[in-house]
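S.K.: Quick one: sequence and predicted model below, then my questions.
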Amino acid sequence: MGSIKLEGVEKWFGDVQVIKGIDLDIEDGEFVIFVGPSGCGKSTLLRMIGGLEETSRGAIRIDGRDVTAEPPAKRGLTMVFQSYALYPHMSVRDNMGFSLKTAGAPKSEIDTKVNHAASVLKLEQYLDRRPKDLSGGQRQRVAIGRSIVRDPTAFLFDEPLSNLDAALRVEMRYEIAKLHQSLGSTMIYVTHDQVEAMTLADKIVVLDFGKVAQVGSPRELYERPANLFVAQFIGSPKMNVIPCSTEGTSYSLSGGRGGDYHGAGEATQLGIRPEHMEIMSVGEGALDSVIDVVEYLGADCFVILDCGALGKLTSRVSGETALKSGERVGLSFPTDRIHFFDRAGKAVD
């Protein structure tokens, strides 16, 4: 079992509160990712779960047992850090089995668990090498293997891929996803990279200055953001947001035309994803704009549009587009693709 429950968890450093009363349920076998901008408290929260940071207030329960005051060794968790922290004088085999050896496990048990972890992580041919003879991705797999042999209640990952180059990050994302599928263990993963969050997580926890902004599946957060912060943090390129006003069943844009509105309250901000915005002829759609820059990416193009007082908007279109800088175009916002937000930044349904 590997369920984890946070109840009103807070963390204070002197007079500064960095974790502000978080309630969260993590089910057995879930892959949960904490994501948010630098300084939002995601690594601190992970370290609190692992016991590496003291919990100022609230309770942390693992499989129903209150572990708030227990040291890391008694929580049954294991952490994989940004730093590999491998012993350079030891072989891969010895690095992976070191924690079991220090715990006094018999050699036969150590060999069995190390060989199993090496098989899962495709490290069999590297067991007799030392860390200096491995690539960055292989070293990270060894660090993960060192955690697997301990058979933990849950794995805690603190930005494990941030030291790798772009190609290795993609490869290791795949490896971690396959690892979760094969082990079925609870995993909590911290990252500032929302692409990692979207591709790996069963459930994403978006943090904003020590508070939970929203919890949900990647699809839920992308399609139904609860507030403006989540709407612009999740998605690349980020959601376009422009000021608007609403009255009755219509919305209007300053310097534009507007369209239909079906919200239950007043909205002051309109959001539209780049891939949902349609480029049309001048005079059609919600407003007119001038194409500023066309960024060609192969399969896609990002079209940066100058909308005057409304600022710059980004549209994602096919890489086969014939659009050019300087063209005047109209922009259409399909009614079922628009998001509206009130003055406090909350989504208006």
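M.R.: It's in.

S.K.: Give me the distance between the nearest residue to Ser332 once chain neighbours are set aside and Ser108.
M.R.: Beyond its immediate neighbours in the sequence, the residue positioned closest to Ser332 (CB to CB, 6 or more residues apart in numbering) is Gly285, lying 3.3 Å away. Just so you know, the C-beta spots here come from the backbone N, C-alpha and C atoms, and that holds for glycine as well. The spacing between Gly285 and Ser108, counted by CB to CB, to the nearest Å, is 71 Å.

S.K.: Let me see the domain layout of this protein.
M.R.: Taking automatic domain parsing as the domain assignment, the ranges for the chain are 4-225, 237-341.

S.K.: Compile these into JSON lines and extend it with columns for distance to Ala231.
M.R.: Rendered in JSON lines, the data for the domains of the chain read as follows (distance: least, CB to CB, whole Å):
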{"stretch": "domain 4-225", "distance to Ala231": "4"}
{"stretch": "domain 237-341", "distance to Ala231": "5"}
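
S.K.: so which of the ones you listed is the most packed in?
M.R.: Sort the domains of the chain by mean neighbour count, taking mean count of other CB atoms under 10 Å, and domain 4-225 sits at the top with a mean of 18.

S.K.: Gly345 is in contact with Thr268, correct?
M.R.: No. Contact criterion CB atoms under 8 Å: Thr268 and Gly345 do not qualify, at 9.3 Å.

S.K.: tell me the SS of the residue most central in space within the chain?
M.R.: By CA atoms, centre = their mean, the mean C-alpha position of the chain lies nearest to Ala197, the distance being 2.8 Å. State at Ala197, reduced to three classes by DSSP: H, G, I helix; E, B strand; the rest coil: helix.

S.K.: Let me see the contact set for it.
M.R.: By CB atoms under 8 Å, 6 or more residues apart in numbering, Ala197 lies in contact with Ile33, Val35, Thr191, Ile204, Pro218, Ile234.

S.K.: cutoff 6 Å now
M.R.: For Ala197, the contacting residues are Ile33, Val35, Thr191, Ile204, taking CB atoms under 6 Å, 6 or more residues apart in numbering as the criterion.

S.K.: Grab the two from those that are most spread out in space.
M.R.: Thr191 and Ile204 (10.0 Å; CB to CB).

S.K.: Quickly list what's touching both of the two.
M.R.: Each of Val35, Ala197 lies in contact with both Thr191 and Ile204 under the rule CB under 6 Å, 6+ apart.

S.K.: quick one: secondary structure of Leu100?
M.R.: Counting by three-state DSSP, the three-state call for Leu100 is helix.

S.K.: if I pick it, what's in contact with it?
M.R.: Residues in contact with Leu100, defined by CB under 6 Å, 6+ apart, are Ile110, Val149.

S.K.: Tyr222 now?
M.R.: Tyr222 is in contact with Ile234, counting by CB under 6 Å, 6+ apart.

S.K.: so which helix or strand takes in it?
M.R.: Take DSSP states H and E as the rule and Tyr222 turns out to sit in helix 218-223.

S.K.: re earlier: nearest to Gln17 among the contacts of Ala197?
M.R.: Val35 (20.5 Å).

S.K.: is the closest one in a bridge, and if so with what?
M.R.: Legend: beta-bridge partners of Val35 under DSSP bridges are Thr191, Val206.

S.K.: Would you mind giving me the confidence score for it?
M.R.: As summarised for this prediction, Val35 has a pLDDT of 96.

S.K.: thinking again about what came up before, surely the residue nearest to Ser332 is within a strand?
M.R.: No. The secondary structure assignment for Gly285 gives coil rather than a strand, going by three-state DSSP.

S.K.: which SS class is Ser108?
M.R.: On the three-state scheme (three-state DSSP), Ser108 is labelled helix.

S.K.: how close does it sit to Ala117?
M.R.: As defined by CB to CB, Ser108 lies at a distance of 15 Å from Ala117.

S.K.: contacting residues around whichever strand or helix holds Phe229?
M.R.: Phe229 is part of helix 228-233 when elements are defined by DSSP H and E. In this structure, residues lying in contact with helix 228-233 by CB under 6 Å, 6+ apart are Val206, Asp208, Ala213, Gln214, Leu221, Pro225, Lys238, Met239, Gly271, Phe341, Gly345.

S.K.: Show me what the mean pLDDT comes to for that helix.
M.R.: 95.

S.K.: which of the residues in it are buried?
M.R.: Along helix 228-233, these residues count as buried under the neighbour rule (16 or more other CB atoms under 10 Å): Leu228, Phe229, Val230, Ala231, Phe233.

S.K.: still on that earlier bit, closest one to Ala85 out of the contacts of Ala197, please.
M.R.: Using CB to CB, Thr191 is the member of these that lies nearest Ala85, at 18.6 Å.

S.K.: Identify the residues contacting the closest one.
M.R.: Here Thr191 is in contact with Val35, Glu159, Ala197 (CB under 6 Å, 6+ apart).

S.K.: first vs last residue of stretch 68-75, how far apart are they?
M.R.: With CA to CA, to the nearest Å as the measure, stretch 68-75 spans 9 Å from end to end.

S.K.: tell me the average confidence for that stretch?
M.R.: 94.

S.K.: ranges for the strands of the stretch 151-300 of the chain?
M.R.: Counting by DSSP state E, counting those that start in this stretch, one finds strands in the stretch 151-300 of the chain at the ranges 154-158, 186-191, 203-208, 211-216, 240-243, 245-247, 250-252, 259-260, 269-272, 278-280, 287-296, 300-306.

S.K.: and the next helix or strand after the last one, C-alpha only, in PDB?
M.R.: So the one you mean is strand 300-306. Later in the chain than strand 300-306, the nearest helix or strand by DSSP H and E is strand 312-318. Provided in PDB are the C-alpha atoms of strand 312-318 (Å, rounded to 0.1, in the frame of the first residue of the first chain):
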ATOM      1  CA  LYS A 312       0.100  40.400 -28.600                       C
ATOM      2  CA  LEU A 313      -1.700  37.000 -29.100                       C
ATOM      3  CA  THR A 314      -0.300  33.700 -30.300                       C
ATOM      4  CA  SER A 315      -2.000  31.300 -32.700                       C
ATOM      5  CA  ARG A 316      -0.900  27.800 -33.400                       C
ATOM      6  CA  VAL A 317      -1.500  26.700 -37.000                       C
ATOM      7  CA  SER A 318      -0.300  24.100 -39.500                       C
END
